[in-house]
Structures are given as structure tokens and as C-alpha cells.
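Novice: Fold the following.
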Amino acid sequence: MNRVKTTQDLELKERLVAVNRVTKVTKGGRTMTFAAIVVVGNEDGIVGWGLGKAGEVTAAIAKATESAKKNLIQVPVLKGTVPHEQLAKFGGARVYLQPATHGTGVKAGGAMRAVLESAGIHDVLAKSKGSSNPHNLVKATILALSEMRDARQVAQNRGVSLDVVFNG
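Specialist: Residues are numbered from 1 along each chain as shown. Next comes the predicted model:
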């Protein structure tokens, strides 16, 4: 996983994925709090997610944004798409990402779309299988993106040149 060390000099855009109202019943009545999931990214290969909980929606979103800025990862983006097919699983959510040709767009739903667009991926075919829970979908998508490797990383891991990777 390629973690980003500093958040300075990055223009991060935030996207709200989900807000959940949670009620706790006590002897004094019901206490309502809010949980928010936010995805941040610079739309150029850097993306992160965060979860915030507070008594008000705006405070929960602010906490989630701060948390997301601490969980940034670097994602290889190749000509606006992902470098290769990738499967990932987190909890009950299963995610499948596949490269697409230029002009296809982001064929993904809900929570996956927010993560992929924040990462700067413009053309991708994505499928969500299993649970549609936004928490687990975001985490599974981030996991799939973090496992992506571009040709330079493969060549470096194998200790060979780029020509050998492509020509065998």
C-alpha cells in the first residue's frame, strides 16, 4: 500500500458518501448522533476515506474529512483508467474493477463511484457484489485500488527493465 506522507500542497476535494442517524435509548430518552463517511482525493491518483461521528451532521462531516486526510493512498492511474483487473473483499462487500477504453466513463454505483472519481479515474467498469453497505463498499474499493500495480512497480519488484515486462 502506497501511503501519502504529507497532505500539504494537495488540493483535496471531499465527497460525502453517506450519513447515518444512530439512536441510543437511555432512561432519559433517545439520544441521536450522526455518522458520516467522506472520501477525499485530488483527482490525480491520491484518495482517502474517513468516518466521523458527532451530535450534529456538520460536525460529523468535518471529523470524517479530517480522518480521511490522514488515510491517503497513492493509486496508479493509467490514461484515466486502472492498470489491470482487480478483485477485493471487505466484510460482506465484494468489488470488481476492470480497465475501460477512453470515453466509457465511470460505470459504478454509489459509494464506489465517489472513491473512483476522487482518485481521478475517468474510465472504468466496476461491479459491486454482495453487501451494499457504504462503509464496506468504500473500504473494499480503497483496498482494490491500493493493490493495483503499474508496469514500473512490476519491473522494479522483478528487478528487470520495462522492456522485459512487456516483451517477456
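
Novice: can you give me the strands in the protein?
Specialist: 13-26, 29-41, 46-54, 72-74, 86-90, 93-99, 106-107, 124-130 (DSSP state E).

Novice: which secondary element of the protein has the worst mean pLDDT?
Specialist: Lowest by mean pLDDT, DSSP states H and E among the helices and strands of the chain is helix 162-167, with a mean of 70.

Novice: That one packs against which elements?
Specialist: Counting contacts by 3 or more C-beta pairs under 8 Å, 6 or more residues apart in numbering; DSSP states H and E, helix 162-167 is packed against helix 151-158. Bear in mind the C-beta positions are built from the backbone N, C-alpha and C, glycine included.

Novice: before we move on, the earlier item: point out the one among the strands of the chain that comes closest to Gln153.
Specialist: Between Gln153 and the strands of the chain, the tightest spacing by C-beta to C-beta is seen for strand 72-74, at 10.7 Å.

Novice: where in the chain is pLDDT low?
Specialist: Filtered on pLDDT under 70, the chain yields the residue ranges 1-2, 5-9, 165, 168.

Novice: if we go to 90?
Specialist: 1-12, 28, 43-45, 71, 76-84, 108-111, 147-168 (pLDDT under 90).

Novice: picking that back up, adding distance to Leu116 and mean neighbour count, write the strands of the chain out as JSON lines.
Specialist: JSON lines is the format used below for these (distance: least, C-beta to C-beta, whole Å; neighbours: other C-beta atoms under 10 Å):
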{"stretch": "strand 13-26", "distance to Leu116": "11", "mean neighbour count": "13"}
{"stretch": "strand 29-41", "distance to Leu116": "9", "mean neighbour count": "19"}
{"stretch": "strand 46-54", "distance to Leu116": "8", "mean neighbour count": "22"}
{"stretch": "strand 72-74", "distance to Leu116": "13", "mean neighbour count": "20"}
{"stretch": "strand 86-90", "distance to Leu116": "12", "mean neighbour count": "18"}
{"stretch": "strand 93-99", "distance to Leu116": "8", "mean neighbour count": "21"}
{"stretch": "strand 106-107", "distance to Leu116": "5", "mean neighbour count": "16"}
{"stretch": "strand 124-130", "distance to Leu116": "6", "mean neighbour count": "18"}
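
Novice: Need those in JSON lines (columns: distance to Gln153).
Specialist: Compiled in JSON lines, the strands of the chain are given as follows (distance: least, C-beta to C-beta, whole Å):
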{"stretch": "strand 13-26", "distance to Gln153": "26"}
{"stretch": "strand 29-41", "distance to Gln153": "20"}
{"stretch": "strand 46-54", "distance to Gln153": "16"}
{"stretch": "strand 72-74", "distance to Gln153": "11"}
{"stretch": "strand 86-90", "distance to Gln153": "14"}
{"stretch": "strand 93-99", "distance to Gln153": "16"}
{"stretch": "strand 106-107", "distance to Gln153": "24"}
{"stretch": "strand 124-130", "distance to Gln153": "19"}
